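**Q** what follows is a protein structure lacking sequence information:
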């Protein structure tokens, strides 16, 4: 669904969306301090949280599972409850966005997103609540993501609350923005791991948060884009990276001069999602091209009118289109790996 590099015209959003985005921008700018710290008390005040609910709500039940209490690493498990027991459910390991420094797995926005994944695909969703910057810098986020995958491999899934028809050998990584970056690095680590139960066969990379020292055309043209302006991303990279590092670091510029060579690494088939009003779009297309050059199966899906994180907002028509595309991708990857009988 590639339709070119540039949107057809100026950005047009419903008035409700404009208000929501304005509030998100104010939230992001207010909680970040110039000294490189974040006002967590203010974050907790502004970000509405949703408790886990063992009673099914609109066909999905949730529970929170601790991975490592010492670092407050846990995940929210989303289980669809109206799927016949004979239907095999893939497992989606999901990483939320927020520039590595904001948002959470129990926040209202991502609770809603993961419910949609669980229902639409359908799938069991593991939404990881990883540590955040600036309190925890690189590689803490990647460690938490991989350790959650390792935890699933070493556990008895049904004792964690997974349904009997959940299949960890049909595991997909997914994430938006910083979560898309995190998923990529977890994919590399998982490709080198010797798992017994978990098999990562696919990745849904939703507008991944990548960067570099030299600004791209889209970063210059959309410097003041909603949600992810240049000033915000500069701050987020600065508090994420080790002291003294620049944005050509392998964690940021994943296809740049210091990129990890993945040609010999087992890497999952990947769907890369790009929005035409996202300043990161050039980085994401280069990521797609780099995966192809590295010999990996990949697919590019573009939404010319998509802003950064467009899929979170059900008011936007592109959101429903995305979930349909994701459902089709997961189905086709499962069929490719296990045959036509693998259809969910």
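**A** Perfect, thanks for sending it. Only a predicted model underlies this, so the values are computations on that prediction, with no experimental measurement involved.
**Q** pLDDT below threshold where in the stretch 51-200 of the chain?
**A** For the stretch 51-200 of the chain, no stretch is flagged by pLDDT under 70.
**Q** where exactly do the helices run in it?
**A** Remark: helices assigned in the stretch 51-200 of the chain by DSSP state H, counting those that start in this stretch are 108-120, 140-154, 178-191.
**Q** export those helices as JSON lines, with columns for mean neighbour count.
**A** C-beta coordinates here come from the backbone N, C-alpha and C atoms, glycine included. JSON lines is the format used below for the helices of the stretch 51-200 of the chain (neighbours: other C-beta atoms under 10 Å):
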{"stretch": "helix 108-120", "mean neighbour count": "21"}
{"stretch": "helix 140-154", "mean neighbour count": "20"}
{"stretch": "helix 178-191", "mean neighbour count": "24"}
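**Q** now render those helices as JSON lines, adding distance to residue 239.
**A** Compiled in JSON lines, these are given as follows (distance: least, C-beta to C-beta, whole Å):
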{"stretch": "helix 108-120", "distance to residue 239": "21"}
{"stretch": "helix 140-154", "distance to residue 239": "12"}
{"stretch": "helix 178-191", "distance to residue 239": "12"}
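**Q** out of the ones you listed, flag the one nearest residue 14.
**A** helix 108-120 (17.2 Å; C-beta to C-beta).
**Q** same for the closest one, what does it pack against?
**A** Under the contact criterion of 3 or more C-beta pairs under 8 Å, 6 or more residues apart in numbering; DSSP states H and E, helix 108-120 touches strand 60-68, strand 73-80, strand 89-95, strand 124-129, helix 317-338.
**Q** and these as CSV, adding distance to residue 188 and mean neighbour count?
**A** Output for the helices and strands packed on helix 108-120, formatted as CSV (distance: least, C-beta to C-beta, whole Å; neighbours: other C-beta atoms under 10 Å):
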stretch, distance to residue 188, mean neighbour count
strand 60-68, 20, 17
strand 73-80, 20, 22
strand 89-95, 14, 25
strand 124-129, 16, 27
helix 317-338, 18, 17
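**Q** with respect to residue 38, which of those lies nearest?
**A** Nearest to residue 38, of the helices and strands packed on helix 108-120 and by C-beta to C-beta, is strand 124-129 at 16.1 Å.
**Q** is the residue nearest to the spatial centre of the chain bridged to anything, and to what?
**A** By C-alpha atoms, centre = their mean, the chain has its centre lying nearest to residue 175, at 1.0 Å. In this structure, residue 175 bridges to residue 95, residue 205 when assessed by DSSP bridges.
**Q** quick check: it touching residue 94?
**A** Yes. Using C-beta atoms under 8 Å, residue 175 is in contact with residue 94, at 6.3 Å.
**Q** mind listing the strands for the stretch 151-300 of the chain?
**A** Here the stretch 151-300 of the chain has its strands, by DSSP state E, counting those that start in this stretch, at 166-176, 200-206, 269-275, 298-303.
**Q** Serialize these to TSV and add fields for distance to residue 248.
**A** Converted to TSV, the strands of the stretch 151-300 of the chain look like this (distance: least, C-beta to C-beta, whole Å):
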stretch	distance to residue 248
strand 166-176	22
strand 200-206	20
strand 269-275	21
strand 298-303	23
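**Q** among these, which comes closest to residue 89?
**A** strand 166-176 (4.9 Å).
**Q** could you check the angle helix 108-120 makes with that closest one?
**A** Following axes from the mean of the first three to the mean of the last three C-alpha atoms, to 10 degrees, one obtains 140 degrees for the angle between strand 166-176 and helix 108-120.
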